[in-house]
Structures are given as C-alpha cells and as structure tokens.
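Participant: Predicted model and sequence below, questions to follow.
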Amino acid sequence: MKTENQDQTQPMVKITNLQKSFGDLTVLKDINLEIAASEVVVIIGPSGSGKSTLLRCVNHLEKPSGGEIYIEGELINDTTLKTKAFETHLNRIRCKVGMVFQQFNLFPHMTVIENVIEAPIHVLKQDRKKARKKAEELLTQVGLAEKLNSYPAQLSGGQQQRVAIARSLAMEPKLMLFDEVTSALDPELVGDVLRVMEDLALGGMTMMVVTHEMGFAEKVGDRVIFMADGFVVEDSSPQEMFSNPKEIRTQQFLAEI
Amino acid sequence: MLDWGVIVHYFPFLLKGAVLTLQISILSLLLGIACGLIAALCKLSKNPLLRWPAAFYIWLIRSTPLLVQLFIIYFGLPQIGIDLGPFLSGVIGLGLNVGAYNAETIRGGIVSIPVGQTEAARSLAMSSSLAMRRIILPQALRVIIPPMGNNFIILIKDTSLVSTITLVELTLTAQRFIGSTYKPFEMYLMAAFLYAVMTTTASLLLAKLEKRTSRGHR
C-alpha cells in the first residue's frame, strides 16, 4: 500500500516518450509531460500538431505506438495484459478520466437526464434514484435544470455541450479531458460552456484542455503547452506564454492568431 | 363469374391454412432476427474465426435460391441422417434465409452510427458489449427496421414455397381444394386476399415500431 504522502506527490498524469503514428504519418514524436492533481493544463498549437491525438491517447481512444502513460501512477497502455483483462483494466482507469468532445456526442435516443445517468447506472452500478439525484444536481450546476427531459436534438449546441460535461462529471472523474469543446459552437454560445469549465477548475478538477480560446487559457490555465509537429515546443505559465514566449515557433503562432 | 357459395364454404378451411402460414412466418421471423444479429456482429468482429463463417453463411444463402435451400434441408439432409420433418425444415430454411438478408441490413445499420457515439460510450468506461447493447443497437434499430420490415413482408409471401415440402399451409390448402372443386380462381383469390391481410397487418405493426424507435429524432 502507498502512503497518503506518496499519493499527494504522485502526478495525476505522467507521460513518457509518447509516440503515435497513423500508418506512415507520425503525429506524436516524443511527448514527455507531468500534470499534478488540480492542475489545469491548456494545450494550444496549430492544427495537425497532435493536440487532440495527445488527449485521445490519455484515455486510450488512440493506442500509443510507443511510450507510457500513467494515470495516478497506473500504466494505462499496459501491453502485458490479455484482451479481456486489458478491457477491465482500461475501463477501471476510464472511470477516473472524463472526456468531452468537439461534437458533443450525446446519445440522441436518450433524454438529457438519461444521458447523464446511463454510465453511473450501467457501469458504476449505482442505484437509479441516487444516480438521478446526482444528475439533477449536475445539470443544475451547468444551468440546465429545466431541460432534464428534453432530447439532445431539442437543445442548442452550447446546451448539448454542457450536458456532455455533466455526463462526464456524473462518473466523478479525477481528470477531465476537453477536446476543442467550443470549436463547433456559435460564438454567442461559447461563453456559457467556458464558464462551466472555469467553475470546474476553481473546484479543483485536474484538466487537460485543447482549445483555441486564448482568453480562457490565460485566465484559467495554470500552465500552457504549445505543441507543433508532434512535439511539446514550449511549456510555461500563461503569463510567460502569452507575454514573453521563448521559442520562435510559439511567437509565430501567437502572432498569427 | 365468381361462385360465392364456394367462397363462403371454403373460406374457414383456407383460414386454417393461413394460421399455419402465420405460425411458420413468426417462428422463422424470430429465427431470422437471431441469425441476422449474430451473423452481423460476427461479420463486424475483428476475429477472423467469427468473421469468415458469418461471411460464408451470408454469401451461401444470398447466392442460392430459397426453393433449392428448402429442398436441400427437407429432401437432402435425411440422406445423411438428419430428418427434420416438413415443419422444422420449413421454419429453419426460411429463418436461415431471411437471417442472411437481415445480417446485411443490421450490419449496415450498425456501421451507419457515427464513431463518436462509440467513443463517447467507451470514454464513459462502458465495455464494448455494453456500448453495443445500450448505445449503438438502439440507434441502429431506427435505420434497420424499415429495410428489415421489407425482409419480413417478403418472408410472409415466401412461406408459400414450403407448400412444396408438403406443409399444408395457405397455398397448399388452396391447391388441394382446387382438386376437388375445380374452382382455381376462387381459391387463389381467397389465398391472395389472406396473404394481403397478413402482409398489410405486418406493415402497420412495423410502421408503429418505426415510430417508437425514432425517439429523440425530429
């Protein structure tokens, strides 16, 4: 057994020598990263730089081609496990890692509240009543208490995305991954989603956020990572990154946006 | 003109034949759903030991006539010691046949669901079978039901083929009475009418089911 003290110093996420290729195309070349508990890390960079792929490797939606990813000290891409054991291992870790997608990916055949209670009931085996109560709290927290029985198709993009966040939070994750969650939204709907994320950050959630919202990165991020061509080019505080970027690539990128 | 006396007298007998047609239809429909779902999931599997037999089954059924398949099961199999009798032969033959068509329909429905749905489910720690059962299949059903309904309408009509393996269902009942009454027009019209009643009822039920599975869609 590990002691309390070790748990506190243990990073939430530790990535070493991560590589990912799709056929001949190498998207992630050599990523090394540590993220502490409660830290909010914003990942920026030009399209094709591997930001989304990095995020998708963290919960194993993409299988790394090389390197290791540890969540709370546990190796997620444990290649020694057989198929069945690996799925169990993966799902145990995925319970701790929530993910929100650019295209929301709500389940269209379920109402808002059914979307939120689905995994708690069928994965965590929670009691239906308890799951509903928790879901109602979460949906109130994201400002959608009125929409419990609506279907996703009846909601705006911003509302759908907030449901998606509540759906992830219902699993009580320790780490949240946000993959360009405001990119598909009309500009006037972006604010509500960012506010929910900011509240979450203030509440101490560990977050990895891929975004083009530099205002959010500056205000909410504890750290900003600039990625290009499959590498982490610069890793610094938001103040440093936006007022005094060290690398030429970073300067070029920030000048263009 | 039509001999209404014959129609009134023989209608109850044909109705009895229609009951057998209905029984065969329903049983082979159930078998066809099971075979179709299993074959579709196997064909989508990464494991070639599941994928290849499923592909072979679908190919074999779709590339040969139903009548020949029924003859192989009813007349052929007894030669190697498997005697299923007319009823089981009919149900199995029809069920396996519609199953192969259902398999392609179901597979098409499953692959039509955006990959983001699977990713969302998996990121919520659902196992692949849970994601299939709770997230993918219910959505695929909406796409699957109309074409699968067509398969079933065709199945009801194809049950007339089992008259050739001595099952006294609707068509063979009609044929038998033609032998004694010499009234083919009346007999076949009655048979056609009863088939139409069954297929139309099936269509109406399917339309209802289609409405229920499109929950959440505008």
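Facilitator: Yep, it's here. Numbering: from 1, shown residues only, chains lettered A, B, ... in the order given.
Participant: in what helix or strand does A:M176 lie?
Facilitator: strand A:175-179 (DSSP states H and E).
Participant: for A:E34, same thing?
Facilitator: Using DSSP H and E, A:E34 sits in strand A:25-35.
Participant: What residues of that strand count as buried?
Facilitator: Neighbour counts over strand A:25-35 (16 or more other CB atoms under 10 Å in any protein chain shown) mark A:V27, A:L28, A:K29, A:I31, A:L33, A:I35 as buried. Quick note: C-beta positions are derived from backbone N, CA and C, even for glycine.
Participant: Am I right that A:M207 sits in a helix?
Facilitator: No. Assessed with DSSP: H, G, I helix; E, B strand; the rest coil, A:M207 is strand; it does not lie in a helix.
Participant: ok, back up a step: now the helix or strand following the strand holding A:M176: mean pLDDT?
Facilitator: As assigned by DSSP H and E, the chain's next helix or strand after strand A:175-179 is helix A:187-202. For helix A:187-202, mean pLDDT rounds to 96.
Participant: do stretch A:233-244 as well
Facilitator: On average, stretch A:233-244 scores 95.
Participant: Any chance you could list what contacts it?
Facilitator: The contact list for stretch A:233-244 (CB atoms under 8 Å, 6 or more residues apart in numbering or on different chains) reads A:33, A:42, A:45, A:214, A:217-219, A:221-227, A:245-247, A:249-250, A:254.
Participant: residues from chain B in reach of chain A?
Facilitator: B:114, B:116-117, B:119-128, B:130, B:134-135, B:138-139, B:142, B:215-218 (CB under 8 Å from any CB of the partner chain).
Participant: give me that answer again for 10 Å
Facilitator: B:46-47, B:113-131, B:133-136, B:138-139, B:141-142, B:213-218 (CB under 10 Å from any CB of the partner chain).
Participant: Quick one: residues contacting the residue nearest to A:L81 when sequence neighbours are not counted.
Facilitator: Distance criterion CB to CB, 6 or more residues apart in numbering or on different chains; nearest residue to A:L81, sequence neighbours excluded, is A:H89 at 5.6 Å. Counting by CB atoms under 10 Å, 6 or more residues apart in numbering or on different chains, A:H89 makes contact with A:H60, A:E74, A:L75, A:I76, A:N77, A:D78, A:L81.
Participant: Now, those residues that are in strands?
Facilitator: With DSSP state E as the criterion, strands contain A:E74, A:L75 from among the contacts of A:H89.
Participant: Could you single out the nearest of the contacts of A:H89 to chain B?
Facilitator: Minimum distance to chain B across those is 8.5 Å, recorded for A:H60 (CB to the nearest CB).
Participant: Please report phi then psi for that closest one.
Facilitator: When quoted as degrees, to the nearest 10, the phi and psi of A:H60 stand at phi 60, psi 30.
Participant: So which of the contacts of stretch A:233-244 are in helices?
Facilitator: Mapping the contacts of stretch A:233-244 onto helices (DSSP state H) picks out A:M214, A:A217, A:E218, A:K219, A:R249, A:T250, A:L254.
Participant: Return the per-residue confidence for the first one.
Facilitator: pLDDT recorded at A:M214 is 95.
Participant: Might one say that it is in contact with A:V42?
Facilitator: Yes. At 8.8 Å, A:M214 counts as touching A:V42 under the criterion of CB atoms under 10 Å.
Participant: Identify, from the buried residues of strand A:25-35, the entry nearest to B:L206.
Facilitator: B:L206 has its nearest neighbour among these in A:V27, at 46.1 Å by CB to CB.
Participant: Taking the ones in helices among the contacts of stretch A:233-244, please make a ChimeraX selection of just the buried ones.
Facilitator: ChimeraX command restricting the ones in helices among the contacts of stretch A:233-244 to the buried ones, with burial defined by 16+ other CB under 10 Å:
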select /A:214,217,218,249,250
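Participant: For chain B, state which of the ones in helices among the contacts of stretch A:233-244 is nearest.
Facilitator: Nearest member of the ones in helices among the contacts of stretch A:233-244 to chain B, counting by CB to the nearest CB, is A:A217, at 23.1 Å.
Participant: What sits closest to that closest one if chain neighbours are left out?
Facilitator: A:V42 (4.0 Å).
Participant: residues near the one you found, how many?
Facilitator: By the criterion of other CB atoms under 10 Å in any protein chain shown, A:V42 has 25 neighbours.
Participant: do you know how far B:G99 is from B:L22?
Facilitator: The gap separating B:G99 from B:L22 is 19 Å, by CB to CB, to the nearest Å.
Participant: between these two, which one's more packed in?
Facilitator: B:G99 (26 against 18).
Participant: Which helix or which strand is home to that one?
Facilitator: Counting by DSSP H and E, the element that carries B:G99 is helix B:85-111.
Participant: Residues of the stretch 1-150 of chain A that sit close to chain B?
Facilitator: A:56, A:59-61, A:83-84, A:87-88, A:90-111, A:114-115, A:118-124, A:150.
Participant: Out of the ones in helices among the contacts of stretch A:233-244, which two are the most distant from each other?
Facilitator: Largest separation among these by CB to CB: A:K219 and A:R249, giving 23.6 Å.
Participant: residues contacting residue 56?
Facilitator: Using chain A here. For A:R56, the contact set (CB under 10 Å, 6+ apart) comprises A:K20, A:E62, A:K63, A:P64, A:M99, A:F101, A:L177, A:D179, A:V210, B:E119, B:S123.
Participant: Hmm, no, I was thinking of chain B.
Facilitator: Contacts of B:F56 (CB under 10 Å, 6+ apart): B:A39.
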